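Engineer: What follows is a predicted protein model with its sequence.
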Amino acid sequence: MKTNRAEELRAAVGGLTLFPGDEGFEEQHSGWNLTVTHAPSVIVVADSAADVAAAVRHAAEAGLPVAVQSTGHGVSVPADGAVFISTRRLKDLSVDPGARTARLGAGLIWGEVVAETAKSGLAPLNGSSPDVGVMGYLTGGGLPVLGRTFGFAADHVRSLEVVTADGQVLTVTPDSDADLFWAVRGGRSNFGVVTAAEIDLVPMDRLYGGGLFFPGEQSERVLRTYFAWLDGLPEEMCSSIILLRFPDHPAVPEHNRGRFLVHLRIAYTGSAEEGERLIAPLRALGPEDDTVEEMPYTRVGEIYRDPPRPTPAWARTAVLRSFGEDAVDALVAVAGPGANLPPGGVEVRHLGGALSRPAAVPSALARPEGEFHLFMSMPAPAESADVSRKAEQSVLDQLGAWDTGMMLPSFMFSSDSAPDQVRRGYRPEDYERLARLKAAYDPGNIFRINHNIPPVPGA
């Protein structure tokens, strides 16, 4: 990078501008998922949308790609040589209790939003981890803990502040730019850097939720009961089940080290009395630990118990059509107590309900064509990454008969960055529309680091 251009960038940015060798450079591009490391040409730690716009203009003039990160949960491929924009300082958060809306800066995590909105008896449609950044989640679609009840988080976005490839800062709504509003919700980071969003909130100050834990040797019995139990449930009942192998590691609570457990997650928005009645067949299985209870919504992160510390993790996902007796047999064979899988989790989440219905304002996010979402995550330090990859592929192969072939964009990880994998996140006609819009809004394809949709004029 020429010295005068670098100095021009420093002068144009109010936040930090860091180059390789500068103090703090390595820290600023590190994220939650440590699987991928980056070697960008420059890092801009933005204090405002204007800083982001200056960084984007600099990238366009220099012919460099743009990478964006707040928390780094959904990291995909190395941002080598890129202009790396960190949005972690964009923490503006305001709540309008009367309108039931919130304006979110791109540096927020969901735990911060939950804590603030709870003061007004409201809640966002956040995912299972309170440590996930808001904007990557929203632009990927966002699968909420209460998804069956309220639908995808992207369905509840009112407006977006987007820095486009030409360095403009736009407020994008269904009325101001219907195409871009459609594309960004589900199209991830292909169309610009989203620096803020206005979202709907739902009236929610409590729920009936928690977990039922069973020894791994009971997995077949618990799985069969769980999938039969799902039939006819109200949309207010959201749940998932995970086969969870803990490593024998000091970071794991001593009573779980080296163990294999079945963790059944419950999130019910109805009364505690009705929730207790509904889950009675599951409790009858005799869990060794039962944390399901009435709780304030601020404790929603306790339901899934996602790991809070940064870690290298390899993840794979799929949308499954159904999960009957044969699918249970297949899952037990490949991931049950007799399987030789590395530590990590194999989760199946119940979809349907509001997740299957068309959104009031359409987006690029396709409705799932199946009843279940499969998600696998296994630690992937360099010395064992191949073991985790092969293990997760074996599960996908075993459940291939129920795989719809589609994926949810917010669950695309480093394993899903190839063009044929990215296509799986969209209906064919929607992917072609995204490629045309990419040609209109980012003809130079500077937003190409994370799950790129190449621009195709007239595709």
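Structural biologist: Thanks, I have the structure now.

Engineer: how much space is there between D386 and L16?
Structural biologist: Spatial separation of D386 from L16 under the definition Cβ to Cβ, to the nearest Å is 37 Å. C-beta: built from backbone N, CA, C; applies to glycine.

Engineer: Please say which of those two ends up with more neighbours.
Structural biologist: Set side by side, D386 and L16 show more neighbours around L16, with 18 against 11, by other Cβ atoms under 10 Å.

Engineer: Could I get the contacting residues of the residue nearest to that one when sequence neighbours are not counted?
Structural biologist: Leaving aside its chain neighbours, L16 sits nearest to V45 (3.9 Å; criterion: Cβ to Cβ, 6 or more residues apart in numbering). Contacts for V45 were tallied using Cβ atoms under 8 Å, 6 or more residues apart in numbering; they are 15-18, 28, 86, 88-89.

Engineer: Please name the bridge partners of V45.
Structural biologist: L16, S86 (DSSP bridges).

Engineer: Begin at 650, not 1, for the rest of this chat.
Structural biologist: Yes, from this point I'll number from 650; that puts the last item at V694.

Engineer: confidence score at it?
Structural biologist: At V694 the predicted local distance difference test score is 96.

Engineer: residue ranges of the strands in the stretch 1000-1108 of the chain, please?
Structural biologist: Counting by DSSP state E, counting those that start in this stretch, one finds strands in the stretch 1000-1108 of the chain at the ranges 1021-1028.

Engineer: And the stretch 650-799 of the chain, by the same measure?
Structural biologist: With DSSP E, counting those that start in this stretch applied, the stretch 650-799 of the chain shows strands at 665-667, 691-694, 715-718, 732-735, 742-745, 750-754, 771-772, listed in chain order.

Engineer: In the stretch 900-1049 of the chain, where is pLDDT below threshold?
Structural biologist: Per-residue confidence for the stretch 900-1049 of the chain (pLDDT under 70) gives these ranges: 1031.

Engineer: Helices along the stretch 900-1049 of the chain, start to end?
Structural biologist: For the stretch 900-1049 of the chain, the helices defined by DSSP state H, counting those that start in this stretch occupy 921-927, 929-932, 950-953, 974-984, 1034-1047.

Engineer: Can you give me the buried ones in the third one?
Structural biologist: Yep, that's helix 950-953 we're talking about. Applying a neighbour-count criterion of 16 or more other Cβ atoms under 10 Å, one finds 950, 952-953 buried in helix 950-953.

Engineer: can I get the residues you listed in JSON lines with distance to T822?
Structural biologist: Below are the buried residues of helix 950-953 laid out as JSON lines (distance: Cβ to Cβ, whole Å):
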{"residue": "G950", "distance to T822": "31"}
{"residue": "I952", "distance to T822": "33"}
{"residue": "Y953", "distance to T822": "32"}
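
Engineer: Nearest to D1069, out of these: which one, please.
Structural biologist: For those, the closest approach to D1069 (Cβ to Cβ) belongs to Y953, at 30.1 Å.

Engineer: Quick one: residues contacting the closest one.
Structural biologist: Taking Cβ under 8 Å, 6+ apart, one finds 777-778, 794, 889, 914 in contact with Y953.

Engineer: how does it look with 7 Å?
Structural biologist: Y953 makes contact with 777-778, 914 under the criterion Cβ atoms under 7 Å, 6 or more residues apart in numbering.

Engineer: got it, and I952?
Structural biologist: Under the criterion of Cβ under 7 Å, 6+ apart, the contact list for I952 reads 794, 858-860, 914, 916.

Engineer: So which of the residues you listed belong to strands?
Structural biologist: Restricting those to those inside strands, with DSSP state E as the criterion, leaves 858-860, 914, 916.

Engineer: Which member of those residues is positioned nearest G935?
Structural biologist: Nearest to G935 among the ones in strands among the contacts of I952 is G860, at 14.6 Å by Cβ to Cβ.

Engineer: circling back to that earlier point, of the contacts of Y953, which is the most crowded?
Structural biologist: With neighbours set by other Cβ under 10 Å, the maximum within the contacts of Y953 is found at R914, which has 23 neighbours.

Engineer: Fine by me, we can end here.
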